[in-house]
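Chemist: Fold the following, please.
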Amino acid sequence: DGGRRCKVTDYGLSKCVPDTPGSPGSTPRSSRLLPAGKPAYMAPELLDSDTFFTEKTDVYAYGMIVFEVLTCDNPWRGLNQMQIMMQVSLKERPTIDVDASADLVALMQRCWDHEPDARPCFADINAELHIIDQNAHQQESLDEIKEMLAAKNSKLRGRALARQELERALEELEIELDSVEEQPFAEGARGAVYKAACQGEVVALKRISLVGMTASGRAKVLKAFATELTIMTQLRSPRIVSVIGVVTVDSSFLGLVLEYCEGGTLREALAAEDYATAVDEAQRRSWLLDVALGMSYLYSKGVEHRDLKTLNVLLDASRRRCKVSDFGLSKSESLNTAATQSTMGGAKGTPAYMAPELLQSNTFTEKTDVYAYGMVVFEVLAGDIPWRGLNQMQIMMQAVLEQQRPPVPDGASADLVALMQRCWDHEPD
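Modeler: Next up, the predicted model:
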């Protein structure tokens, strides 16, 4: 980014390894492949005729990165590829000729140890670096660091045991947050949302409370949470709020860690006192296009939203671009049988945005979400919520029996009005 944080990239030499034969679902220990990569970063085991690649091979390369960061120089400068491979085979390593931190030098040397089994794994490296960072201004003995690391690993093992009770998706996405603010900045039917930090980045933590819940109630929430997570992890689009991970180890709640959108909800932007004069038509069209792009992407992946409204559309920091969020009531077609793709159990959503067929017979199709989009268009044009002043029963009467719709906003562009009216047509077809 601006120079303070970094991300790993370029998987051109990566290899996806299948599960070990005879152990379905297990994580493979190693894979045989031809040596690939830059010799300066290649572990000695890659230079043998019987070449096996493991996590420890990448750890060796990480050791060389530590060397570069400490010395601001390339490893093996001045040597050609053959000379580098010869030095590595002879168990030689680049020389540190600068005054470097002893704990980082020790970590580096463990990472590039000649024996793969003697190298740490990345989980251990991450824990050790966390300890080093916390104690950067203290002089602690190596024995104390190892003791703290052992305690950290014990805690991680406890977390792993807790994760086994949940779906595999929850286990794979489990993360540890740096911090969480005490007070939520938003609350909804599915839980409260808090600002949090994850690896130095601001994120949103959506908490689903489990306090005082019965065993059957907990099971229901677990199922709903797993469904929501399964859907969200399938989505990769700039117009969709991204899922970062989950927090399942706290018995008082289930947590979904999401991309944080600093601009708040579209509903909040529309409710601003100066909305009518401060937001021009070009910006309104941009918002509507972003929502349409997000919904189009959802349906290209076989995902229904089922609760589209301006409260579930989030804005970036500039408030110029938006993303579709909150799939708490979504249902993916890939998880359904053919018999349940059109007619679902009970009508779910927000009444003001619910199509007549959903209110009348619980029938849901893509056109039901399109109806809700028509109401979003109304809000953007009017700057007001649809059916203001009516209760749920009155809304149902107006939408289903009277076939009425909210009044067309004065001065609205004819093309957007025509689109809105097509979207909320009484007939889904």
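
Chemist: Let me see the contact set for Val105.
Modeler: Val105 is in contact with 70, 96, counting by CB atoms under 8 Å, 6 or more residues apart in numbering. C-betas here are computed from N, CA, C, even on glycine.

Chemist: Please, which helix or strand holds it?
Modeler: Per DSSP states H and E, Val105 falls inside helix 102-111.

Chemist: Could you point out the helix or strand that follows that helix?
Modeler: Next in sequence after helix 102-111, counting helices and strands by DSSP H and E, comes helix 122-134.

Chemist: Where does Met148 sit: helix, strand or coil?
Modeler: Following DSSP: H, G, I helix; E, B strand; the rest coil, the label given to Met148 is helix.

Chemist: got a list of what it touches?
Modeler: With the criterion set at CB under 8 Å, 6+ apart, Met148 makes contact with Ile131.

Chemist: Just give the number of residues close to the nearest residue to Gln199 once chain neighbours are set aside.
Modeler: Nearest residue to Gln199, sequence neighbours excluded (CB to CB, 6 or more residues apart in numbering): Asp178, at 6.9 Å. Asp178: 12 surrounding residues under other CB atoms under 10 Å.

Chemist: Can you give me the distance of Asp178 to Val257?
Modeler: 11 Å (CB to CB, to the nearest Å).

Chemist: For Leu315, which non-adjacent residue is closest in space?
Modeler: Using CB to CB, 6+ apart and skipping the chain neighbours, the partner closest in space to Leu315 is Gly263 (3.0 Å).

Chemist: Got phi/psi on that neighbour?
Modeler: phi -80, psi 0 (degrees, to the nearest 10).

Chemist: Just confirm it contacts Ala269, I think it does.
Modeler: Yes: at 7.3 Å, Gly263 counts as touching Ala269 under the criterion of CB atoms under 8 Å.

Chemist: which one of these two has more residues nearby?
Modeler: A count of neighbours by other CB under 10 Å puts Ala269 above the other of Gly263 and Ala269, at 21 against 17.

Chemist: For that one, I want the exact helix or strand it lies within.
Modeler: Per DSSP H and E, Ala269 falls inside helix 266-270.

Chemist: Output whichever helix or strand comes after that helix as CSV - backbone C-alpha positions only.
Modeler: Using DSSP H and E, the next helix or strand after helix 266-270 towards the C-terminus is helix 275-278. C-alpha atoms of helix 275-278 as CSV (Å, rounded to 0.1, in the frame of the first residue of the first chain):
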residue,chain,number,x,y,z
TYR,A,275,-29.6,15.3,-0.3
ALA,A,276,-31.9,16.9,-2.9
THR,A,277,-29.4,19.7,-3.7
ALA,A,278,-26.1,18.1,-2.8
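
Chemist: thinking again about what came up before, ok, the residue nearest to Gln199 - contacts?
Modeler: 196-200.

Chemist: burial of Ile385, as a residue count?
Modeler: Ile385 is flanked by 19 other residues according to other CB under 10 Å.

Chemist: my guess is it contacts Glu379, does it?
Modeler: Yes: the criterion here is CB under 8 Å, and Ile385 meets it with Glu379 at 6.4 Å.

Chemist: Show me whatever sits in contact with both of the two.
Modeler: Residues touching both Ile385 and Glu379 (CB under 8 Å, 6+ apart): Arg267.

Chemist: Which SSE is immediately downstream of the lowest-mean-pLDDT helix or strand in the chain?
Modeler: Between all helices and strands in the chain, the lowest mean by mean pLDDT, DSSP states H and E belongs to strand 331-332, at a mean of 46. Downstream of strand 331-332, the next assigned helix or strand under DSSP H and E is helix 356-361.

Chemist: taking the mean pLDDT, what do you get for the very next helix or strand once past that following helix?
Modeler: Remark: after helix 356-361, the chain's next helix or strand is helix 366-382, criterion DSSP H and E. Helix 366-382 comes out with an average pLDDT of 96.

Chemist: Show me what counts as buried in helix 366-382.
Modeler: 367-382 (16 or more other CB atoms under 10 Å).

Chemist: Ok, stretch 418-428 next?
Modeler: 419-420, 423-425, 428.

Chemist: Not counting sequence-adjacent ones, nearest residue to Ala100?
Modeler: Once flanking residues are discounted, Ala100 sits nearest to Leu70: 4.3 Å by CB to CB, 6+ apart.

Chemist: Please identify which helix or strand holds the one you found.
Modeler: Element membership for Leu70 (DSSP H and E) is helix 55-71.
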